[in-house]
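Enquirer: next come a sequence and a model predicted from it.
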Amino acid sequence: MKYFLAIVFVLFQYFSWGQKVEKKPHVIVMTDGEVDDHSSMIRFLLYTCDLDVKAIIETNSKWQREGHSKEDWWENMLDAYEKVHPNLLIHNKDYPSADYLRSISFVGDENPDHLDTPRSSYKPGQKKYRDPAEWEDTPGSDKIVEILLEDNSDPIYIQAWGGANTLSRALYKLQKDYPEKYKEASSRIVTYNIDYQDGAGTYIENHHPYVTKIICWGFVGTWNYKSQTDTYDLIAKEVKTNHGALGALYPQNYVSEGDSPSFLYCLPNGLRNYEHPTYGGWGGRFESMDFDPTVFNDAFEGGSSKQSQARWIRDVNADFMARMDWCVANKFDKANHAPLLKVNSPIDMTVKSGENFEISLEDSTDPDGDLIDFNWWIYQEAGTFKGNFNVHYQEGHTFKATTPKVEKPQTIHIIAEVSDFPSTGPGLKAYQRFIIRVIP
């Protein structure tokens, strides 16, 4: 397993010089249908153009013991998405059809007998878990196995918005019935757990060592209930009113989406968040836990485990507002779109100590013809080098610097953040992360 994260890094070098191109991450969403899941799902649907969505699975959790698949919330949401889909295609041709999303929708484990009574809390490192060996297969668990057995080596990001018992059953079956394929298939998996909402997280820790496990608690105080209470106007004016059938379904009065970080982590927006849990981006930044290098939890930034999420909230919500505009803008020029970056330098460089390097985003543009502004900054927490180094120039589309003296290889993460100044809609940002590996 110690090599897996390095393999992920290699697999995702899908960039090319010139207009940046990122391969769409493969994702599976497991949702327990709680009210804030409904809110997260509305936002998620507006980003399906950027992801390769393989399955959406309704599950239960310790909070929603019988799940909500017997209700029609998901069907209603897809009907609403279908109504705004023609407008969405004007702004991005890759939005999947509602029929496609219906075809990959499944019910997973909603059996309350697979949960503890009274409700138990599971934490990383515990030996206590729920064993799925005697449980029944479900359409959701079977679909996960099918996806994992595909002839594809790309990582698959499996998001647990609720519980992960459906995934634990799938992994049990994969290990039992396909032992010759188990290691390769399970090594593809990166799980993003919004807490451990059943006994599956610790089961996977104890029995599936090739799976990368992210446990997020930083959603509390950033994305969950009563966190973004300054967004009442945003939801009322930019989502629920005059923004189409999908926005009208938003069930809450302010941004309350405890599960959204799990898919924000996967978005190919230039921050490369999904390449490694320690990189950081819209979905937060994570560090490995002492007891197991395959288990990651929230990293501290500025003395807080919430800062790696909180620092992006304004940008994330502006982007959401723009996409809500897409739902009703029947012409491209009636809404705003993020700048387009032209990457003229390798996004990964190896440079010797004391040598100069240069990064260029010259000829970057805005699809709406808006003025753009460049901001360069060092994401120091994400890199291994924690000191200062000589930056000669960081203005406009160019960054020039001299690498520091090091005694062993170190990394420096440089973020290019490019903002537009639109005549209509919220201002948006595009990003590019450059990783400089400094060697003695």
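Expert: Here it is on my side, so go on. Residues are numbered from 1 along each chain as shown.
Enquirer: which SS state does Glu82 fall under?
Expert: Here Glu82 is helix, with the state taken from DSSP: H, G, I helix; E, B strand; the rest coil.
Enquirer: what ranges in this structure fall below the confidence cut-off?
Expert: Filtered on pLDDT under 70, the chain yields the residue ranges 1-21.
Enquirer: would you mind measuring from the residue nearest the centre of it to Leu51?
Expert: By CA atoms, centre = their mean, the chain has its centre lying nearest to Tyr265, at 2.0 Å. Tyr265 is 11 Å from Leu51, where distance means CB to CB, to the nearest Å. For every residue, glycine as well, the C-beta is placed using N, CA and C.
Enquirer: returning to what we had before: in this structure the residue nearest to the centre of the chain contacts Gly283, no?
Expert: Yes. Under the criterion of CB atoms under 8 Å, Tyr265 makes contact with Gly283 at 2.5 Å.
Enquirer: what is in contact with these two at once?
Expert: Residues touching both Tyr265 and Gly283 (CB atoms under 8 Å, 6 or more residues apart in numbering): Tyr192, Asn273, Tyr274.
Enquirer: the first one: how many residues sit nearby?
Expert: The burial count assigned to Tyr192 is 28, neighbours taken as other CB atoms under 10 Å.
Enquirer: is Pro251 in a helix, a strand, or coil?
Expert: Using three-state DSSP, the structure places Pro251 in coil.
Enquirer: strands of the stretch 51-200 of the chain, residue ranges please.
Expert: 52-58, 105-107, 156-160, 189-194 (DSSP state E, counting those that start in this stretch).
Enquirer: how about the stretch 201-350 of the chain?
Expert: With DSSP E, counting those that start in this stretch as the criterion, the stretch 201-350 of the chain has strands at 212-216, 286-289, 292-298, 342-343, 348-352.
Enquirer: those: which one's closest to Ser187?
Expert: Distance to Ser187, taken as CB to CB, is lowest for strand 212-216 among the strands of the stretch 201-350 of the chain, at 8.6 Å.
Enquirer: which other residues reach that closest one?
Expert: With contact meaning CB under 8 Å, 6+ apart, strand 212-216 is reached by 4-5, 8, 124, 189-196, 201, 204-205, 261-262, 265, 277, 283-284, 286, 294-298.
Enquirer: that strand: partners in the sheet, and parallel or antiparallel?
Expert: Paired strands of strand 212-216, with direction, are strand 189-194 (parallel), strand 292-298 (parallel) (DSSP bridges).
Enquirer: what's the most buried one of the ones you listed?
Expert: Mean neighbours per residue, mean count of other CB atoms under 10 Å, is largest over these for strand 189-194, with a mean of 27.
Enquirer: residues in contact with that one?
Expert: Contacts of strand 189-194 (CB under 8 Å, 6+ apart): 8, 148, 155-162, 164, 167, 201, 204, 210-216, 219, 258-259, 261-262, 265-266, 274, 283.
Enquirer: who are the neighbours in contact with the closest residue to Glu287 other than its chain neighbours?
Expert: Nearest residue to Glu287, sequence neighbours excluded (CB to CB, 6 or more residues apart in numbering): Ala299, at 4.4 Å. Taking CB under 8 Å, 6+ apart as the contact definition, Ala299 lies against Thr278, Gly280, Gly284, Arg285, Phe286, Glu287, Ser305, Ser308, Glu381.
Enquirer: with Trp282 instead?
Expert: Pro261, Leu264, Tyr265, Leu267, Asn269, Leu271, Asn273, Trp312, Asp315, Val316.
Enquirer: swap in Ala248?
Expert: Neighbour list for Ala248: Ala80, Lys240 [criterion: CB under 8 Å, 6+ apart].
Enquirer: any idea how far the residue lying closest to Pro139 once chain neighbours are set aside lies from Asp154?
Expert: Nearest residue to Pro139, sequence neighbours excluded (CB to CB, 6+ apart): Phe106, at 4.4 Å. Distance of Phe106 to Asp154, given as CB to CB: 21 Å.
Enquirer: neighbour count: those two, which is higher?
Expert: Between Phe106 and Asp154, Phe106 has the larger neighbour count (other CB under 10 Å), namely 21 against 16.
Enquirer: hmm, that one is touching Lys54, no?
Expert: No. With contact defined as CB under 8 Å, Phe106 does not reach Lys54; the gap is 10.6 Å.
Enquirer: distance-wise, check the residue of the chain positioned farthest from its centre relative to Tyr279.
Expert: What lies farthest from the middle of the chain is Gly354; by CA atoms, centre = their mean that is 35.7 Å. Gly354 sits 26 Å away from Tyr279, going by CB to CB.
Enquirer: with that, I have no additional questions.
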